[in-house]
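Chemist: Predicted structure and sequence below. I'll ask about it afterward.
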Amino acid sequence: MERTIGNLGQEIRQPSKPYENLAEEGVRRCRVNALLAIMPELDDGIHGFPKGSIDLRDGFVLLRKRDKRPWLPSGEEAHAVSEFIGGSRPLHRFRRWARLRLPNGQIARSLWREKFKPSTQIRISRNVKVCMILLML
């Protein structure tokens, strides 16, 4: 809601009549949304990726922020990466990314960037914990 109000405020064209312009912009946006709800084929579907993002294909997109310089993991992180790529291969430097857009449109956020935020601003609902249970038959 706050974002919508902020966006509408930015679209005011003439500051001499701000409330009138704000109301017109809100009505225009409602009309467009109603038309798209009734006739989805009007939506051109062209939604590019944000600047600096990388399309990984299959619906996955890396989103900014990212490390400025390549990073070499150490400790438990190095062990986890080494196990993932295969224990015999040497570790290489790589860049960490803050966010990953999933094929369903949700955004997964990394602890690397979230740990810099105060605890009141962390988006807990977006954190994902993966637990794998292997069954031996």
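Modeler: Happy to help now that I have it.
Chemist: Stretch 102-113: which residues count as buried?
Modeler: Of the residues in stretch 102-113, R109 count as buried by neighbour count, 16 or more other C-beta atoms under 10 Å. C-beta here means a position set from N, CA and C on the backbone, and glycine is covered the same way.
Chemist: so how far is it off the chain centroid?
Modeler: Distance of stretch 102-113 from its chain centroid, counting by C-alpha atoms, centre = their mean, to the nearest Å, is 6 Å.
Chemist: burial count for the closest residue to L36 other than its chain neighbours?
Modeler: Nearest non-adjacent residue to L36, counting by C-beta to C-beta, 6 or more residues apart in numbering: D43, 5.4 Å away. By other C-beta atoms under 10 Å, the residues close to D43 number 11.
Chemist: Quick one: name whatever helix or strand follows the biggest helix by length in the chain.
Modeler: For the chain, the helix with the greatest residue count under DSSP state H is helix 18-38. Using DSSP states H and E, the next helix or strand after helix 18-38 towards the C-terminus is strand 54-57.
Chemist: contact partners of that following strand?
Modeler: Contact partners of strand 54-57, identified using C-beta atoms under 8 Å, 6 or more residues apart in numbering, comprise F49, V61, L62.
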